[in-house]
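Trainee: the following comprises the amino acid sequence and a computationally predicted model.
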Amino acid sequence: MWYYKDNVRNSLHQFKFYNVRSHADAYGRLLAMHLLHKGWTDFDLVTWAPISARRRRERGYDQCKLLCKAVCRELGQPCVATLKKHRHVQPQSLLKDVSERRANVLGAYKLRKSPSLVSKRILLLDDIITTGATASECARMLMTAGAKEVYCAAIAATEHKGR
């Protein structure tokens, strides 16, 4: 929806790192409206890029799960847990190089026991996309499980000059 800078960055940091869970409802409403405006509504299921169990214990919540629940409430769709981050990795924000970020998350996710993903159109939600490494790895796992298509939406993305 937005570029990851200035007030958006500050607000997302509050949501993600400082226990301001109430932002999930507002972000969810706005992201759902954005998806509706773009015509991105024909999905078989909506899921999210999960954080590790260790990070969830430290924070007390998974911000992307909260976002997914809020978006799904607005869209009238179920929020389905399809992935688990089974390996705790270094925070992506500490890695600047695209190849380092991709290597960091490679194999960090595995599929949960969930409804069959075969031939499904899936909307994958994340909070912030910088290089796309996390979203790509999650999408790869969903496609490996037989998903027909995986689309990704996020609250914010890093602005890349020239793209």
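Mentor: Cool, got the structure. As the structure is a prediction and not an experimental result, all values here were calculated from the model.
Trainee: so which strand or helix has the residue most central in space within the chain?
Mentor: Of all residues in the chain, the one closest to the mean position by C-alpha atoms, centre = their mean is residue 126, 1.7 Å from it. For residue 126, the host element (DSSP states H and E) is strand 121-129.
Trainee: strands paired with that strand, and their directions?
Mentor: Strand pairing for strand 121-129, determined by DSSP bridges: strand 45-48 (parallel), strand 149-157 (parallel).
Trainee: and the next helix or strand past the shortest one?
Mentor: Once the chain leaves strand 45-48, the next helix or strand it forms, by DSSP H and E, is helix 53-59.
Trainee: how about that following helix: buried residues?
Mentor: residue 55 (16 or more other C-beta atoms under 10 Å). The C-beta positions use only the backbone N, C-alpha and C, and glycine is treated the same way.
Trainee: tell me which of the strands paired with strand 121-129 lies nearest to residue 74.
Mentor: strand 45-48 (10.6 Å; C-beta to C-beta).
Trainee: picking that back up, how far does the strand holding residue 126 sit from its chain's centre?
Mentor: Centroid separation between strand 121-129 and its chain, computed with C-alpha atoms, centre = their mean, to the nearest Å, is 4 Å.
Trainee: buried set for that strand?
Mentor: 122, 123, 124, 125, 126, 127, 128, 129.
Trainee: CA atoms of that strand as PDB?
Mentor: Below are the C-alpha coordinates for strand 121-129, written out as PDB (Å, rounded to 0.1, in the frame of the first residue of the first chain):
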ATOM      1  CA  ARG A 121      -5.300 -19.400  -5.500                       C
ATOM      2  CA  ILE A 122      -3.600 -18.000  -2.400                       C
ATOM      3  CA  LEU A 123      -3.200 -14.500  -1.000                       C
ATOM      4  CA  LEU A 124       0.000 -14.300   1.100                       C
ATOM      5  CA  LEU A 125       0.100 -11.400   3.500                       C
ATOM      6  CA  ASP A 126       3.200  -9.800   5.000                       C
ATOM      7  CA  ASP A 127       3.800  -6.600   6.900                       C
ATOM      8  CA  ILE A 128       6.900  -5.200   5.100                       C
ATOM      9  CA  ILE A 129       8.500  -6.200   1.800                       C
END
